Every structure is written in structure tokens, then in C-alpha cells.
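[1] Take this sequence and fold it.
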Amino acid sequence: MRTFAIIAATAALTSTISTAAKADLKVGDPAPPLSVSKWVKGTPNKLTPGKVHVVEFWATWCGPCKATIPHITELSKKYKTKADFSGISIWEGNGGDTNPVAIEKKVNAFIKEMGAKMDYSIAMDDKITGGTMATKWMAAAGENGIPSAFIIDQKGKVAWIGHPMEMDGPLEKICAGKWDAATYAKEANVRKAAEKKMQAFAMKLQNLLIGGKLEEAMALVDAETSGDTEEAKAMRGQVAMMLNSIAWAVTDPKQKLPPQFDALKKSNVELARKAVALSNGEDGQILDTLAFALAQSGNYKEAVEIQEKAISKLPAGAPAEMKKELQTRLEEYKAKAK
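    Here you go, the predicted structure:
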């Protein structure tokens with residue numbers, strides 16, 4: 001399982017970062033109704049007063065979404081009596097297919113492939129593009145990337161918005177009735193401003209990379225991440241995840257990307273190394289990406305070394321599935337390094 005930031009570059013590469021709409025859905029506002037075309041798995045949900053509800057947005061083509069889904073399943077089981085979980089498929093047209101029948105088949109195939117890892121209620125937005133959930137929820141809240149999740153409190157109000165891998169603490173407090181929504185709302189405004197700055201940076205970086213200007217792109221990264229201020233430190237962490245996402249996306253043969261991104265494949269190792277440098281070699285998943293890129297380039301010896309370090313850097317509470325995934329790749333690299 002892999003964790004990525006909301007403004008993950010994989011999202012940018014697959015056209016999910018767009019011009020932000022006016023954010024008129026904020027923390028503390030009543031949540032819009034759930035309006036979907038079809039519930040394709042589990043029990044159809046409604047926003048019921050007195051119960052917490054988690055609304056998660058994903059797409060079949062979104063690698064980071066697939067990585068976070070098992071964790072959402074774990075949370076749905078943990079809070080089974082306190083919260084309902086709804087996974088909403090949106091932006092499926094961004095994957096290149098605009099045929100409704102074909103997309104529904106793709107969604108069902110994805111759900112079947114995930115099996116028990118995706119064990120909560122799943123629905124499809126009411127339109128392939130510009131659907132109600134995409135506009136009244138995501139765009140209205142100024143959310144431009146997936147995976148993304150909303151937590152609705154017992155009063156039917158939006159209590160939290162963010163990446164699904166970061167909602168454990170908020171969900172626990174919201175279910176217990178101990179969430180300080182007012183304080184979070186103020187903090188959310190600060191984060192939104194930072195996200196807008198990051199989006200502008202992401203698009204500038206993407207354009208340089210697509211244009212084959214790797215040296216200029218790395219100079220931009222250095223300029224934006226240098227310094228010892230808290231802002232610079234935060235920027236380093238976010239850019240590290242962004243480069244990590246790009247490196248993984250262009251390395252993974254299963255990831256379908258527009259042709260204009262093919263040129264980035266030859267820079268995958270450099271991008272992954274930069275992500276490792278920005279994270280001081282302390283992030284297991286970022287190290288895992290570098291090892292993956294090295295292996296794909298045929299450098300299995302170094303891939304083994306980096307993957308062993310990646311496993312050692314995983315946090316103590318890392319999901320067993322994540323540990324198993326990294327260990328499996330390590331064994332593959334070792335076998336090919338002989």
C-alpha cells in the first residue's frame with residue numbers, strides 16, 4: 001500500500017488537477033445529498049442524522065486511490081456501528097474512456113479485482129464528467145485531486161476534508177463527539193492557501209518535465225525547497241511526495257498515461273533519487289519507489305540495497321499488507337540480481 005499527498009503528481013499526470021472552482025462547500029457547512037447513478041456494491045447509503053458518514057472519491061485509473069482503498073476498508077470495519085462509508089467513483093472519463101457502458105464494466109471489474117480489500121458501499125457518480133458528486137462535493141470544496149475523503153458529522157455537517165490516509169485521528173474524534181470543527185476550519189483555510197501555491201508549482205514543474213527540461217525542473221525544485229523555515233521544510237516534504245508519485249507513475253508499466261508523458265520514463269530514476277534526497281532517505285515508501293525504478297532499469301543490485309533500506313524505514317505501525325508488498329518486491333529483485 002502506498003501513501004500519496006492529495007496534490008500528488010500522479011493526479012496531475014492524469015489530468016485530475018484542474019483550475020480550482022470557487023470553493024463554496026466548507027467545513028461546518030451542511031453536506032450535500034449523495035446523488036449517484038448506481039450503487040454497484042454494498043448497501044445504498046444516505047446521510048442519516050445521528051451517524052457519521054465517510055464519503056471517499058476514487059477512480060479506476062487512479063493508482064494512489066487503489067493503494068488507499070484497503071485502509072478505508074479497515075476503517076469501515078473498525079467503525080462499523082458508528083459510521084457509514086461510501087466510495088464514489090468519479091472522473092472516470094479522465095482515464096480515456098467516455099462510453100458509459102464500458103465505464104460501468106470497468107468499475108465492476110475493478111471492484112471484483114479488489115475483492116475483500118474494497119469492502120464498503122460503492123457507487124458511481126451520476127455523470128461521467130461533471131457529475132453531481134464531482135461538482136457539488138469535490139469542485140465545490142476546491143478539491144482537485146483524488147483520492148479524497150469527506151467526513152460528515154452526526155449533525156450532517158462537513159467536519160473534515162482530506163486524504164483518506166490522514167483521516168484516522170479526525171474520524172476517531174468525530175465519532176467520539178470530541179472534534180473541534182471550528183479550530184480545524186481555521187487551519188483548513190491556511191492549508192487551502194498552501195495547496196493553491198502547491199498547485200501552481202505542480203503545474204509549472206509538470207510543464208517543464210513534459211517539455212524535457214529536466215535540469216530546469218530540478219532547479220525549480222531546489223529554489224522552492226531550500227531554506228530552514230517551517231514553510232521550506234513543509235515544501236520539501238510535499239515536493240518529495242510529488243516527485244515520488246511521478247517517478248512511480250512513469251515507471252509502473254500498469255499505469256496508463258497520456259503519450260506526452262512517455263519522455264519522462266527515461267528520467268524516472270533521477271526523479272526518484274531527488275525525492276529520496278528531499279526526504280533525507282527516511283521515507284520507506286519513497287525509497288521503495290527508487291528501488292522500483294532501479295529494478296525497471298535493470299540495476300537490480302542497487303535495487304536490493306535500496307529496498308532493504310526501504311523496509312527498515314517503514315514506521316512500526318505500517319499495515320501488514322504494505323510490509324508484505326515491499327518484501328515481495330525485495331525477493332523479486334534479489335532473484336534477478338543473481
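[2] Every contact and neighbour count from this point should use C-alpha atoms.
    Noted.
[3] just the helices in the stretch 201-338 of the chain please.
    214-225, 230-251, 268-278, 284-296, 300-312, 320-337 (DSSP state H, counting those that start in this stretch).
[4] for those helices, which one sits closest to residue 81?
    helix 320-337 (24.4 Å; C-alpha to C-alpha).
[5] Would you mark the buried spots in that closest one?
    The neighbour-count check on helix 320-337 (16 or more other C-alpha atoms under 10 Å) flags 322-323, 326-327, 329-330, 333 as buried.
[6] from what I can see residue 293 touches residue 270, true?
    No: in this structure, residue 293 is not within contact of residue 270 by C-alpha atoms under 8 Å, at 9.2 Å.
[7] Quick check on these two: which one has the bigger neighbour count.
    When residue 293 and residue 270 are compared on other C-alpha atoms under 10 Å, the one with more neighbours turns out to be residue 293, at 28 against 17.
[8] which ones are touching that one?
    Contact analysis of residue 293 by C-alpha atoms under 8 Å, 6 or more residues apart in numbering lists 247-248, 251, 268-269, 272.
[9] Go through the helices of the stretch 201-338 of the chain and pick out the most buried.
    Stretch with highest mean neighbour count among these: helix 284-296 (a mean of 27; mean count of other C-alpha atoms under 10 Å).
[10] so what are the domain limits for the protein?
    Annotated domains of the chain cover 9-187, 190-337 [automatic domain parsing].
[11] can you put the ones you listed in TSV and add mean pLDDT?
    Listed next are these as TSV, based on pLDDT from 0 to 100:
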stretch	mean pLDDT
domain 9-187	89
domain 190-337	91
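[12] List the contacts of stretch 69-83.
    Under C-alpha under 8 Å, 6+ apart, the answer for stretch 69-83 is 1, 51-54, 84-85, 117-120, 164-165, 168, 175.
[13] how about that stretch as CSV, C-alpha atoms only?
    Coordinates of each C-alpha in stretch 69-83 appear next as CSV, following Å, rounded to 0.1, in the frame of the first residue of the first chain:
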residue,chain,number,x,y,z
ILE,A,69,-8.7,1.5,-0.5
PRO,A,70,-7.6,-1.3,1.8
HIS,A,71,-7.1,1.2,4.6
ILE,A,72,-10.5,2.6,4.1
THR,A,73,-11.9,-1.0,4.3
GLU,A,74,-10.1,-1.4,7.6
LEU,A,75,-11.6,1.8,9.0
SER,A,76,-15.1,0.8,7.8
LYS,A,77,-14.8,-2.4,9.8
LYS,A,78,-13.4,-0.6,12.9
TYR,A,79,-16.3,2.0,12.9
LYS,A,80,-19.0,-0.3,11.6
THR,A,81,-21.5,0.7,14.2
LYS,A,82,-20.6,4.4,14.3
ALA,A,83,-20.0,5.4,10.7
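[14] how distant is that stretch from the center of its chain?
    18 Å (C-alpha atoms, centre = their mean, to the nearest Å).
[15] now do stretch 292-301
    Here stretch 292-301 is found 25 Å from its chain centre; the criterion is C-alpha atoms, centre = their mean.
[16] next one: stretch 197-205
    Centroid separation between stretch 197-205 and its chain, computed with C-alpha atoms, centre = their mean, is 17 Å.
[17] Buried residues of that stretch, list them for me.
    Buried-residue list, stretch 197-205, by 16+ other C-alpha under 10 Å: 198-199, 201-203, 205.
[18] want to try a markdown table for the residues you listed, with distance to residue 156 as columns?
    A markdown table is the format used below for the buried residues of stretch 197-205 (distance: C-alpha to C-alpha, whole Å):
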| residue | distance to residue 156 |
| --- | --- |
| 198 | 31 |
| 199 | 30 |
| 201 | 35 |
| 202 | 34 |
| 203 | 35 |
| 205 | 39 |
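[19] Pick the one among those residues closest to residue 94.
    residue 203 (17.3 Å).
[20] that older thread, now for the helices of the stretch 201-338 of the chain, which one comes closest to residue 37?
    Comparing those by C-alpha to C-alpha, helix 230-251 comes nearest, at 29.9 Å.
[21] Quick one: list the elements packing against the closest one.
    helix 9-13, helix 214-225, helix 268-278, helix 284-296 (3 or more C-alpha pairs under 8 Å, 6 or more residues apart in numbering; DSSP states H and E).
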